[in-house]
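Asks: any chance you could fold what I've pasted below:
(chains A and B)
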Number of protein chains: 2
Amino acid sequence: MKNFLKISLLALSIMSSINFVQAQQLAIVEDFKPSSLNQPQQEYPMVNSQGYARFKIAAPTADSVRVSLGLGGRGGTKLAKAEDGTWMGTTEGPMDEGFHYYNVKIDGGKFNDPGTLNYYGSVRWESGIEIPAADQDFYALKNVPHGNVQQILFPSLSTGTSRRAFVYTPPGYEKGKGKYPVLYLQHGWGEDETAWMNQGRANLIMDNLIADGKIKPFIIVNTYGMTNEVKWGKMKEFKIDGFQTVLVDELIPFIDANFRTIAKKEQRAMAGLSMGGMETKTISLNKPDVFAYYGLLSGGTYASTDFKDKPQPKLIFLSCGSKERPDGIRKALEELKTAGFNAVSYISEGTAHEFQTWRRSLHAMAPLLFK
Amino acid sequence: MKNFLKISLLALSIMSSINFVQAQQLAIVEDFKPSSLNQPQQEYPMVNSQGYARFKIAAPTADSVRVSLGLGGRGGTKLAKAEDGTWMGTTEGPMDEGFHYYNVKIDGGKFNDPGTLNYYGSVRWESGIEIPAADQDFYALKNVPHGNVQQILFPSLSTGTSRRAFVYTPPGYEKGKGKYPVLYLQHGWGEDETAWMNQGRANLIMDNLIADGKIKPFIIVNTYGMTNEVKWGKMKEFKIDGFQTVLVDELIPFIDANFRTIAKKEQRAMAGLSMGGMETKTISLNKPDVFAYYGLLSGGTYASTDFKDKPQPKLIFLSCGSKERPDGIRKALEELKTAGFNAVSYISEGTAHEFQTWRRSLHAMAPLLFK
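Replies: Presented below is the predicted three-dimensional model:
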């Protein structure tokens, strides 16, 4: 887990990156529309066809309103008093495609944009905005059969709690009789078990892949990946043992007992994004007899030496955004393939350490699982 | 639907009521603890054993911070600058037991308290706080078998959309073979299909009733009760036809096709809170062959004359809080019983037009259904 801090800090610096080259070349096109993640009846924030985001926030007597989205480390987008007394502003350049977390600084306090839905990231429910992507069709809500996402509460003796997980069951599961493989899919640091189905749209990605006949249907399970709360900057204190016990000794048996799963290693995968990738690596190597398919999404790499005296997984999937460290992924892939592993990599073009990278990664990984 | 506006306005005025009599008698006991609805790692807001709520919000250079909770129409609780530069304040009196929505006015803008989880009410995701109740055990998360809450997306031809519903299935449903009755349970104005399982805790209420052997397990379905968005103050423009079609012609057949239900009138109930009660009344009378059990929770009353030329329901359940208009409920009950109906009423002591009334109402109604 040593790479946690390094990777996380890199992530933070890239997080809200905008495309400066494009910014200098474009005049802003005035075709702004409400973001698809706005609360009912809310016009702002808006996005335009180039990927600019525009904000409007009412706080008539505030001295300063600033949105964290726009220039990352350099302080986001400062809003200015508009004629109607609200605060308005537009990002200096187009944002990367896909989902972004943000928050609003009002007179020095951190709040959310009342216009948007909230998503759990950075250990807080943050505002969310969606920049329409050229490839958004693969995670769109379409008129196809839909699987269900269910909240389960499973007993955890090791932590003395009822813990929550979300379970995606494919279309037809309710009335069918078949048994399914299972992907255990983990969120990143500061997120929780809601991330993959909310901002990740994992259920819609699956519905669409299944409708297109591109994958054999499987179940996805998301649960919270920590048992000891660790604050930002203290990741070295994080111990995986607690979560490993919850996952391997409590959640998996519960899922196998309560859902129609094919309860064996060859039909079980684990993957995760960022911290969830690091967890996948650690747990898959600690417990080589539990999963047969491993996926690290912006979450590090395996080396062939990691598998000394261990069974080879059926698949190693490595991915990240082109704005992260794609060379690290490419190098690791080369090394694994040379050593005879079934390894596949995926680089998400034009995206950073954000959910668009992970939506695309899931979309690329799903057809490779349970072959 | 004529009573909508009247009832809704009454609701608003009662909404954040506090107990003034008690307020004058008590000295504040300094045993404040974080509210159970706080975001992870957040200390504030806090509540004490008397029901006072204390807020702490960081906005160092704001001129004014005010919380909507505390004195209702008179403006909530004004926070003051504390020594550490944050804004702090305590409600003037103890709050009613149970769940309350609120928001925070900062320099004239309406935001949420970054300390709490958000709940959809008043057509916005609002801050939520929980005042511990003497009877909170019936909706507590306990070490009992838990049912699942699943999000379904069902096709709606009449609206040309995939619409969302939440379905509670009792413990053991996944692996069992039995068929279940279904309660269609509606939210109030400004809320949505998330309300009953989030702030209502309907799933935990059911889990606990089932574990105690007090009810025969059944399924609960929640969906959004409007097809035309209607703003506050324009409820006269609301037409129920669209929602009635979605519920009766689309959702019910979908549920019966995809879940193990007993698909007949005698095993189907409809109930709702506030606006959802008005909807229940209208739809149950428009479509007397669909449901056999009717529940209006702070949502009006039936008169025996409503059933002229119509089959008698198996049960009419009427409820409200003692701080609403219990006399209206009592009178209606008397009239219905005299006319030979199986009618039952429930008055929630010490609560107003808020979710504690409706949690208790569900708890009181559930054992009477599907007899």
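
Asks: around chain B, pick out the residues from the stretch 101-250 of chain A.
Replies: A:104, A:106-112, A:114, A:117-118, A:123-125, A:141-143, A:146, A:148-155, A:162, A:167, A:174-175, A:203, A:229, A:231 (C-beta under 8 Å from any C-beta of the partner chain). Using the backbone N, CA and C atoms, a C-beta is placed for each residue, glycine as well.

Asks: out of those residues, which end up buried?
Replies: A:104, A:106-107, A:109, A:111-112, A:114, A:117-118, A:123-125, A:141, A:146, A:148-154, A:162, A:167, A:174, A:203 (16 or more other C-beta atoms under 10 Å in any protein chain shown).

Asks: in three-state terms, label the nearest residue to A:Phe138 once chain neighbours are set aside for me.
Replies: Leaving aside its sequence neighbours, A:Phe138 sits nearest to A:His363 (C-beta to C-beta, 6 or more residues apart in numbering or on different chains; 5.3 Å). At A:His363 the chain is in helix, as set by DSSP: H, G, I helix; E, B strand; the rest coil.

Asks: OK, contacts around A:His363?
Replies: Contacts for A:His363 (C-beta atoms under 8 Å, 6 or more residues apart in numbering or on different chains) come out as A:Phe138, A:Tyr139, A:Ile205, A:Leu209.

Asks: so how far is A:Ser304 from the closest residue to A:Pro311 other than its chain neighbours?
Replies: Nearest residue to A:Pro311 in three dimensions, chain neighbours excluded: A:Pro288, at 5.6 Å (C-beta to C-beta, 6+ apart). Distance of A:Pro288 to A:Ser304, given as C-beta to C-beta, to the nearest Å: 14 Å.

Asks: can you give me the helices in the stretch 1-150 of chain A?
Replies: Along the stretch 1-150 of chain A, the stretches classed as helices by DSSP state H, counting those that start in this stretch are A:4-15, A:20-25.

Asks: and A:Ile219, what are its bridge partners?
Replies: A:Val182 (DSSP bridges).

Asks: A:Pro34 versus the residue lying farthest from the centre of chain A, what's the distance?
Replies: Distance from the C-alpha centroid of chain A peaks at A:Glu83, with 38.5 Å (C-alpha atoms, centre = their mean). Distance, A:Glu83 to A:Pro34, using C-beta to C-beta: 21 Å.

Asks: pLDDT score for A:Gly85?
Replies: On pLDDT, A:Gly85 comes in at 86.

Asks: next, it: phi, psi?
Replies: Main-chain torsions, A:Gly85, degrees, to the nearest 10: phi 90, psi -10.

Asks: residues contacting the residue nearest to it when sequence neighbours are not counted?
Replies: Closest residue to A:Gly85 apart from its sequence neighbours, by C-beta to C-beta, 6+ apart: A:Pro60 at 5.0 Å. Residues in contact with A:Pro60 (C-beta under 8 Å, 6+ apart) are A:Gly85, A:Thr86, B:Asp107, B:Gly108, B:Gly109.

Asks: and the fourth one, what's its pLDDT?
Replies: What the model reports as pLDDT for B:Gly108 is 93.

Asks: same deal with A:Phe4?
Replies: What the model reports as pLDDT for A:Phe4 is 43.

Asks: also the one 3 residues further on?
Replies: According to the model's per-residue confidence, A:Ile7 sits at a pLDDT of 43.

Asks: equivalent analysis for the one 5 residues further on, please.
Replies: Confidence at A:Leu12, expressed as pLDDT, is 41.

Asks: likewise A:Ala58?
Replies: 96.

Asks: now it: how far from chain B?
Replies: 5 Å (C-beta to the nearest C-beta, to the nearest Å).

Asks: verify the stated contact: that residue with B:Gly108.
Replies: Yes: applying C-beta atoms under 8 Å as the test, A:Ala58 and B:Gly108 come out as touching, 7.2 Å apart.

Asks: got any ranges where the stretch 51-200 of chain A has weak pLDDT?
Replies: Counting by pLDDT under 70, the stretch 51-200 of chain A has low-confidence residues at A:71-74.

Asks: now do the contacts for the residue nearest to A:Lys214 when sequence neighbours are not counted.
Replies: Closest residue to A:Lys214 apart from its sequence neighbours, by C-beta to C-beta, 6+ apart: A:Pro367 at 5.4 Å. With contacts taken as C-beta under 8 Å, 6+ apart, A:Pro367 has the following neighbours: A:Leu209, A:Lys214, A:Ile215.

Asks: who are the neighbours in contact with the last one?
Replies: If I follow you right, that is A:Ile215. A:Met206, A:Leu209, A:Ala366, A:Pro367, A:Leu369.

Asks: which element is the first one on?
Replies: Going back to what we said before, that points to A:Met206. Per DSSP states H and E, A:Met206 falls inside helix A:202-211.

Asks: quick one: buried residues of that helix?
Replies: In helix A:202-211, counting by 16+ other C-beta under 10 Å, buried: A:Ala202, A:Asn203, A:Leu204, A:Ile205, A:Met206, A:Asp207, A:Asn208, A:Leu209, A:Ile210.

Asks: once you drop chain neighbours, what's closest to the residue of the stretch 201-350 of chain A found nearest chain B?
Replies: The nearest approach of the stretch 201-350 of chain A to chain B comes at A:Asn258, 4.8 Å away (C-beta to the nearest C-beta). Nearest non-adjacent residue to A:Asn258, counting by C-beta to C-beta, 6+ apart: B:Glu174, 4.8 Å away.

Asks: correct me, but that neighbour touches A:Phe259?
Replies: Yes: look at B:Glu174 against A:Phe259 with C-beta under 8 Å: they come within range, at 6.0 Å.

Asks: returning to what we had before: any idea how far the residue nearest to A:Gly85 lies from B:Gly108?
Replies: 4 Å.

Asks: A:Lys110 too?
Replies: For A:Lys110, the distance to B:Gly108 - C-beta to C-beta - is 18 Å.
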